[in-house]
Structures are given as structure tokens and as C-alpha cells.
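A.B. asks: Sharing a sequence plus its predicted fold:
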Amino acid sequence: MANSGQDDFLNDPLKIAGALAGGAFLFSPLGRPILHGASRLALTGLGLYAAGKAAGKAADAFMDFAEFSDNDRETDTEGEEELLE
């Protein structure tokens, strides 16, 4: 059976120590601004994504409405031409 990447990580104490030290640093007073900034970036990106999706749906709805209105105008003008003759 071949070793997976996770087995290699768990068998290397230096990698485990580095991961623990990195996690501890993020929750230390020096690492808090980094963690705070990363969460702000993630929330900003999520907000921009949601706003883009909402704008896209609004544009699609507007285009559907515009096509519907164009179809109504064509039908209305056909009826008016018959009345004028």
C-alpha cells in the first residue's frame, strides 16, 4: 500500500511542530491582525460575490421584462393597423 500525503505529514514531527506553531501564532497577540485581516478579506469577497449575483439576476429579469414588453408592442401595433384600415 502506498503512503498517502497525510501519512507523510503525520509521520514527520517537524511538520507537525510547524503547523502547531503557526496555529499558535495566529491566535497570539501578534497574529491577531493577520487573522482579522484574512477574515475581512473573506467576508468582503463573499459580499462582492453576492452583490454580483444579485445584479446579474436583476439584469436578467430586466431583459426578460424588456423582451416581454417588445412582444406586447408588436401585438398591439398589429391590432391598431387593422383598426385603422
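C.D. replies: That came through, no problem. Just so it is clear, the structure is predicted and the values come from calculations on it, not from any experiment.
A.B. asks: Residue ranges of each domain in this structure, please.
C.D. replies: 1-30, 43-85 (automatic domain parsing).
A.B. asks: which stretches of the protein aren't confidently modelled?
C.D. replies: Counting by pLDDT under 70, the chain contains low-confidence residues at 1-10, 69-85.
A.B. asks: rerun that using 50 as the cut-off
C.D. replies: 1 (pLDDT under 50).
A.B. asks: all strands for it, in order.
C.D. replies: Assigned strands in the chain: none (criterion: DSSP state E).
A.B. asks: show me where it has helices.
C.D. replies: 5-11, 13-26, 32-84 (DSSP state H).
A.B. asks: What residues of the second one count as buried?
C.D. replies: I take that to be helix 13-26. Going by neighbour count (16 or more other Cβ atoms under 10 Å), nothing in helix 13-26 comes out as buried. For the C-beta atoms, the positions are set from N, CA and C on the backbone; glycine is no exception.
A.B. asks: Which strands and helices lie in contact with that helix?
C.D. replies: helix 5-11, helix 32-84 (3 or more Cβ pairs under 8 Å, 6 or more residues apart in numbering; DSSP states H and E).
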